[in-house]
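Undergrad: coordinates only, no sequence provided:
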């Protein structure tokens, strides 16, 4: 298997994550869970169509889906090179040799055409021998029967088609599959070409899932973006810490004010107790008042102790959060 299958060789890389995002977007678009066949095409050669197809197929397989990758570029197919499998027999061989019986069955068994790859859950049908009439093979009853058989064997079938601006093979195939993805190249694909392909696919009844923009340079913009993102994170953390400090200061100020109030109450109670004369000790009302004041003092002291304990816990928590 070639190194360009990044999703398998380096699954933790940012590029692999992009393909997983692409897979997820495709799955979310399939609301009714009816999409089982997907075509990947492009405008011209060299836009990264086969690279995108192979990595996308790997990510589906990694998600636990049983995938069959079909190289439908019977002119210059190279998926067999990417996955290091035998080039023949392949799609063209099956379509040219198979015959459809009256009951709609194929006389040719698919077993010898489907090959295993190094990736778990990923199987493959190569392009096979170069036929003289690829377009005619794609519109045959054998092709329609093949698609139905493959849909029954796996969760999703992904076709690597031909560039649409060069030959009509993918335009033909787009009406047989559930959806199509068009791969374009950054600052290379012409907008007019892309518009023309979209129009041609829709004219034959094909559905387009979306467009993939390939070969976008990372450049300095990516680092600037991540740098700004990191700065924003640091600024957010500083703001949170500042707010915690402000909250802490307000709590401390309230505690100090409470302490002063309690001290004043204690002084008042003590003064009242000292001013009581012995001959006045028989006055039940005054004694009761002193006892009540003393009880309030004890309650206030207990409340202060509990408040200080809560404040200590808050300060410990804030210190731990600052360290984090």
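TA: That came in fine, so what should we check first? Just so it is clear, the structure is predicted and the values come from calculations on it, not from any experiment.
Undergrad: just say helix, strand or coil for residue 41.
TA: strand (DSSP: H, G, I helix; E, B strand; the rest coil).
Undergrad: give me the neighbour count for it.
TA: Residues lying near residue 41 (other C-beta atoms under 10 Å) number 29. The C-beta positions use only the backbone N, C-alpha and C, and glycine is treated the same way.
Undergrad: what residues are up against it?
TA: 49, 161, 162, 163, 164, 170, 174, 180, 181, 182, 183, 197 (C-beta atoms under 8 Å, 6 or more residues apart in numbering).
Undergrad: switch to 7 Å and redo it
TA: 49, 161, 162, 163, 164, 170, 180, 182 (C-beta atoms under 7 Å, 6 or more residues apart in numbering).
Undergrad: could you measure from it over to residue 69?
TA: As judged by C-beta to C-beta, to the nearest Å, residue 41 and residue 69 stand 14 Å apart.
Undergrad: pretty sure residue 202 sits in a helix.
TA: Yes: the assignment for residue 202 by three-state DSSP puts it in a helix.
Undergrad: leaving out sequence neighbours, find the closest residue to it.
TA: Of all residues not flanking residue 202 in the chain, residue 208 sits nearest, at 7.2 Å (C-beta to C-beta, 6 or more residues apart in numbering).
Undergrad: neighbour count, distance to residue 154 and pLDDT for the contacts of residue 41 - can I get that in a markdown table?
TA: Formatted as a markdown table, those follow (neighbours: other C-beta atoms under 10 Å; distance: C-beta to C-beta, whole Å; pLDDT from 0 to 100):
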| residue | neighbour count | distance to residue 154 | pLDDT |
| --- | --- | --- | --- |
| 49 | 27 | 21 | 93 |
| 161 | 30 | 18 | 93 |
| 162 | 27 | 23 | 93 |
| 163 | 22 | 26 | 92 |
| 164 | 24 | 26 | 92 |
| 170 | 30 | 21 | 92 |
| 180 | 28 | 19 | 94 |
| 182 | 25 | 23 | 94 |
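Undergrad: now intersect these with the helices, please.
TA: Secondary structure assignment (DSSP state H) places 49, 170 from these within helices.
Undergrad: tabulate the contacts of residue 41 (TSV), appending distance to residue 118.
TA: Shown next, in TSV, are these (distance: C-beta to C-beta, whole Å):
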residue	distance to residue 118
49	21
161	24
162	26
163	27
164	30
170	27
180	27
182	28
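Undergrad: beta partners of the residue nearest to residue 202?
TA: When bridges are called by DSSP bridges, residue 208 pairs up with residue 180.
Undergrad: pretty sure it sits against residue 198.
TA: Yes: with contact defined as C-beta atoms under 7 Å, residue 208 reaches residue 198; the gap is 6.1 Å.
Undergrad: state the distance from the residue nearest to residue 202 to residue 160.
TA: With the distance defined as C-beta to C-beta, residue 208 ends up 17 Å from residue 160.
Undergrad: higher neighbour count, these two?
TA: residue 160 (27 against 16).
Undergrad: can you tell me the closest non-neighbouring residue to residue 112?
TA: Spatial nearest neighbour of residue 112, chain neighbours left out: residue 89 (6.4 Å); criterion: C-beta to C-beta, 6+ apart.
Undergrad: helix, strand, or coil at that neighbour?
TA: On the three-state scheme (three-state DSSP), residue 89 is labelled coil.
Undergrad: let the chain start at 29 from now.
TA: Understood, numbering begins at 29; the last thing we discussed is residue 117.
Undergrad: and it, what's its pLDDT?
TA: You'll see residue 117 listed with a pLDDT of 91.
Undergrad: domains for this protein, by residue range?
TA: 34-245, 252-351 (automatic domain parsing).
Undergrad: comparing the ones you listed by mean pLDDT, which bottoms out?
TA: Across the domains of the chain, domain 252-351 gives the lowest mean pLDDT, at a mean of 57.
Undergrad: which stretches in this structure count as helices?
TA: Along the chain, counting by DSSP H, helices occupy 34-37, 42-57, 77-90, 107-111, 119-125, 162-166, 169-181, 197-202, 219-231, 247-302, 312-351.
Undergrad: for the contacts of residue 69, which one is nearest residue 157?
TA: In terms of C-beta to C-beta, no member of the contacts of residue 69 lies closer to residue 157 than residue 190, at 15.9 Å.
Undergrad: who's in contact with the nearest residue to that closest one once chain neighbours are set aside?
TA: In space, and not counting its chain neighbours, residue 190 is closest to residue 197: 4.3 Å by C-beta to C-beta, 6+ apart. Shown in contact with residue 197 (C-beta under 7 Å, 6+ apart): 100, 162, 163, 166, 189, 190.
Undergrad: and the gap between residue 197 and residue 171?
TA: Distance from residue 197 to residue 171, counting by C-beta to C-beta: 11 Å.
Undergrad: shared neighbours, the two?
TA: In contact with both residue 197 and residue 171: no residue, using C-beta under 7 Å, 6+ apart.
Undergrad: can you report phi and psi for residue 116?
TA: Dihedral angles of residue 116 (phi, psi; degrees, to the nearest 10) stand at phi -140, psi 150.
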